[in-house]
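Student: Sequence and predicted structure below; questions after.
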Amino acid sequence: MASTFGEMLVFSAMMEQESDPKVRLAMLGHKIEDSFATVFRQISMNRFEHGLHTARREEGELTSERISTIWLDTQRAMFGDSVEMTDNYGVWWSYVPHFLHTPGYVYAYAFGELLVMALFARYRQEGAPFAPRYLDVLRAGGSDWPEATLAPLGVDLTDPDFWKEGLGEIEALVAQAEELVTQTRG
């Protein structure tokens, strides 16, 4: 959380200082790509992990073909018809060893990215009064459950609207990029 929030602070400061629309667009493109990969791709991978381990418990030992089917199902659910996936893509699960030995590993990435995006939205809304409370949360570290640690920031991790704040920040980045595309067309 601390490093990702810090990255957002630096990114925002750099965007404010950059005047060239093409450079700003490139910066936004990179940030959006990172956010999409961290949120949507990691959730898809988490769904694969869940499908893999559920199938293993229910069906016993799985063949690589069965694992590939689970992988392709979750990837197709994410990409829809935006990307054509060949059967050869079915073995890409095998390049990530923690799928097998550390289930749920990727969940933290999506959680952390959306958490920071939502907190950053609150920081932008509240300004300076947000900072001391945020620093208190960082000082607390892992001393309590996340919902208790984040409570001083007014965060309810069970509230879908909180998570929508994070998605709204990503949506705002996309809107900024779209505006810059219009400006840079000449």
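Tutor: Yep, it's here. Numbers count the residues shown, from 1 in each chain.
Student: residue contacts, Trp92?
Tutor: With contact set as C-beta atoms under 8 Å, 6 or more residues apart in numbering, Trp92 has these partners: Trp71, Gln75. C-betas here are computed from N, CA, C, even on glycine.
Student: does it sit in a helix, a strand or a coil?
Tutor: Secondary structure for Trp92, judged by DSSP: H, G, I helix; E, B strand; the rest coil, is helix.
Student: Next one, pLDDT for it please.
Tutor: Trp92 is assigned 92 on the pLDDT scale.
Student: just Gly186 next, same as before
Tutor: As summarised for this prediction, Gly186 has a pLDDT of 63.
Student: got it, and Gly80?
Tutor: The model reports Gly80 with a pLDDT of 90.
Student: For the longest helix along the chain, enumerate the helices and strands it packs against.
Tutor: Counting by DSSP state H, the longest helix found in the chain is helix 160-184. If you count contacts as 3 or more C-beta pairs under 8 Å, 6 or more residues apart in numbering; DSSP states H and E, helix 160-184 packs onto helix 21-36, helix 107-126.
Student: Show me the shaky parts of the chain.
Tutor: Residue ranges of the chain with pLDDT under 70: 186.
Student: returning to that earlier point: now do the longest helix of the chain: everything it contacts.
Tutor: Helix 160-184 is contacted by residues 21-22, 24-25, 28-29, 31-32, 35-36, 39, 113-118, 120-122, 155-156 when judged by C-beta under 8 Å, 6+ apart.
Student: And those residues, which of them are buried?
Tutor: The neighbour count (16 or more other C-beta atoms under 10 Å) marks 24-25, 28, 31-32, 35, 39, 113-118, 120-122, 155 as buried among those.
Student: hmm, back to that, please produce CSV containing the helices and strands packed on helix 160-184, extended by distance to Thr182.
Tutor: Converted to CSV, the helices and strands packed on helix 160-184 look like this (distance: least, C-beta to C-beta, whole Å):
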stretch, distance to Thr182
helix 21-36, 10
helix 107-126, 24
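Student: what about these, which gets the closest to Glu84?
Tutor: Glu84 lies closest to helix 21-36 among these, at 18.7 Å (C-beta to C-beta).
Student: okay, now Glu169: neighbour count?
Tutor: Neighbour count for Glu169, taken as other C-beta atoms under 10 Å: 20.
Student: before we move on, what about the one 5 residues further on?
Tutor: Neighbour count of Val174, defined by other C-beta under 10 Å: 14.
Student: His53 too?
Tutor: Around His53 there are 16 residues (other C-beta under 10 Å).
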